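>>> Structure for the following, please:
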Amino acid sequence: MKQRFYKYEGAGNDFVVIDGRTGGFIPGRERVAFLCDRRRGIGADGLMILGHDPVQQFRMRYFNADGGESTMCGNGGRCIALFAEHLGIGGATKRFTGIDGVHEARMLEVEGDRGEVALGMIDVPEIDRHDGYCFLNTGSPHYVEFVEDAPQRGCLQSRRCCPVGRAVRRRWRDECEFCRTGR
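Presented below is the predicted three-dimensional model:
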């Protein structure tokens, strides 16, 4: 079966994106992992499906590269909002449902296949503070470590830390370029 897909990149993360409003694509764990595999498949940090939502303009389903359905991804949220714009869904402001709730994305600038998107994340309901680090949930669970010498560590080049702290999703070893959440 042929499946039309699109490739989007947001702040260093890349995604396979599928318009799932007509059905047909069944995102099994092995299939998603194969598609995200950089040697055998398309290659991506994750896969997203834009689907129907009974209340909002669309629904976002996000899958990690290992094929497991996951929680909200901010860079992915911006990409899927731009994808919705390219499909003609909604106006300059889009409301969509993610696994963690409703999000609002504003199209700040769109030129051809590129765009700048502001994404509203959920409020952080609780911060579990510890000495020098904390756990919080922004739609994805994060471990944040506060560091004093981020510029000396070369955080923007090495991606090992960031000025405010270091956020690493519990499942992943690497950190993404923009928000430093793990990928």
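
>>> what about the longest helix in the protein?
helix 74-86 (DSSP state H).

>>> packing partners for that one?
strand 6-10, strand 13-19, strand 46-51, strand 58-64, strand 93-98, strand 101-111, strand 114-120 (3 or more Cβ pairs under 8 Å, 6 or more residues apart in numbering; DSSP states H and E). Every C-beta, even on glycine, is put in place using the N, C-alpha and C of the backbone.

>>> got CSV for those, with distance to Ala84 too?
Shown next, in CSV, are the helices and strands packed on helix 74-86 (distance: least, Cβ to Cβ, whole Å):
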stretch, distance to Ala84
strand 6-10, 11
strand 13-19, 9
strand 46-51, 6
strand 58-64, 6
strand 93-98, 5
strand 101-111, 8
strand 114-120, 10
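
>>> Quick one: closest of the ones you listed to Cys73.
strand 58-64 (5.2 Å; Cβ to Cβ).

>>> Now do the closest one: distance to the chain's middle.
Relative to the centre of its chain, strand 58-64 is centred 9 Å away, using Cα atoms, centre = their mean, to the nearest Å.

>>> Pull the residues that contact it.
20-21, 27, 32, 36, 45-53, 69-73, 76-77, 80, 84, 89, 94, 96-99, 103, 171 (Cβ atoms under 8 Å, 6 or more residues apart in numbering).

>>> repeat that with 7 Å
Contact partners of strand 58-64, identified using Cβ atoms under 7 Å, 6 or more residues apart in numbering, comprise 27, 32, 46-53, 69-70, 72-73, 76-77, 80, 84, 89, 96-98.

>>> Give the PyMOL command for selecting the buried subset of the residues you listed.
In PyMOL syntax, the buried subset of these is picked out as below (16 or more other Cβ atoms under 10 Å):
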select buried, resi 27+32+46+47+48+49+50+51+70+72+73+76+77+80+84+89+96+97+98
